[in-house]
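1. Take this sequence and fold it.
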Amino acid sequence: MIDSDIALRSATPEDQKFLRAVFASTRTDELAALGDTSMIESFVSMQFDVQERVYRTAYPTAENRIIFLGERPIGRMLVDRTADTITLVDIGLLSEFRNRRIGSLLVGRLIDEAAAARKSVRLSVFKFNRAVRLYERLGFFKVSEDASYIQMQWVATSIIIAKDAN
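-> Below you'll find the model as predicted:
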């Protein structure tokens, strides 16, 4: 896999079934406990619909993108941009495409964009998600946390220096 193999395109209404599959694949550990296939499908459907409503309400201008490896859709990335901050609202890859540095590459692209624009990057991650270590390796630090989630931020050194000088 090389950088040019990974592409993004805007999600369309026709992508809902795929987005639901990505959502389900990121929750396999939680879903295994349910056992019953019809219970799993019902749970996934309900939780996905709730998550989508929350995202639309909290981030109405966020870019909802489908991640491609070559011609194959493999995940989703939801990013909200404001004057000062890029927020990685959600990133998810189908299970067979995890641990291949694709997430690192995409988050790295956001960091590069933020550095060039003198912005910070923010995200929220489930505190027991293995991705916490990835974000720390990429330079994110914990801003706050609650019972379930850690809010993290990446800030370019030049931004810190500029703010300290004021």
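
2. in stretch 6-24, what counts as buried?
-> Neighbour-count burial for stretch 6-24, counted by 16 or more other CB atoms under 10 Å, picks out 6, 8, 11, 15, 18-24. No exception for glycine: its C-beta is placed from N, CA and C like everyone else's.

3. from memory Ala11 sits against Leu19, does it?
-> Yes. With contact taken as CB atoms under 8 Å, Ala11 and Leu19 are classed as touching, separated by 6.6 Å.

4. between the two, what contacts are shared?
-> Where contact means CB atoms under 8 Å, 6 or more residues apart in numbering, the residues bridging Ala11 and Leu19 through contact with each are 66, 76.

5. I'd like to know which of the buried residues of stretch 6-24 are part of strands.
-> Within the buried residues of stretch 6-24, membership in strands is found for 6, 8, as judged by DSSP state E.

6. Does anything pack onto the helix or strand harbouring Glu52? Which helices or strands?
-> Element membership of Glu52, judged by DSSP states H and E, is helix 37-58. Taking 3 or more CB pairs under 8 Å, 6 or more residues apart in numbering; DSSP states H and E as contact, the helices and strands that helix 37-58 lies on are helix 16-25, helix 28-32, strand 85-93.

7. So what touches that helix?
-> Residues lying outside helix 37-58 but in contact with it, judged by CB under 8 Å, 6+ apart, are 19-20, 23-24, 27, 31, 34, 62, 78, 89-90.

8. Beta-bridge partners for Arg81, please?
-> When assigned by DSSP bridges, Arg81 has beta-bridge partners Ile86.

9. and the gap between the residue nearest to the spatial centre of the chain and Ile6?
-> Centroid-nearest residue in the chain: Ile91, 2.2 Å away (criterion: CA atoms, centre = their mean). Computed as CB to CB, to the nearest Å, the Ile91 to Ile6 distance reads 12 Å.

10. Now do the shared contacts for those two.
-> With contacts taken as CB under 8 Å, 6+ apart, the residues that reach both Ile91 and Ile6 are Leu106.

11. Show me which helix or strand of this protein is least confident by mean pLDDT.
-> For the chain, the helix or strand with the lowest mean confidence is helix 157-165, at a mean of 52 (criterion: mean pLDDT, DSSP states H and E).

12. Quick check: Lys119 touching Val79?
-> No. Assessed by CB under 8 Å, Lys119 is found out of contact with Val79, at 11.7 Å.

13. Fine, thanks again, bye for now.
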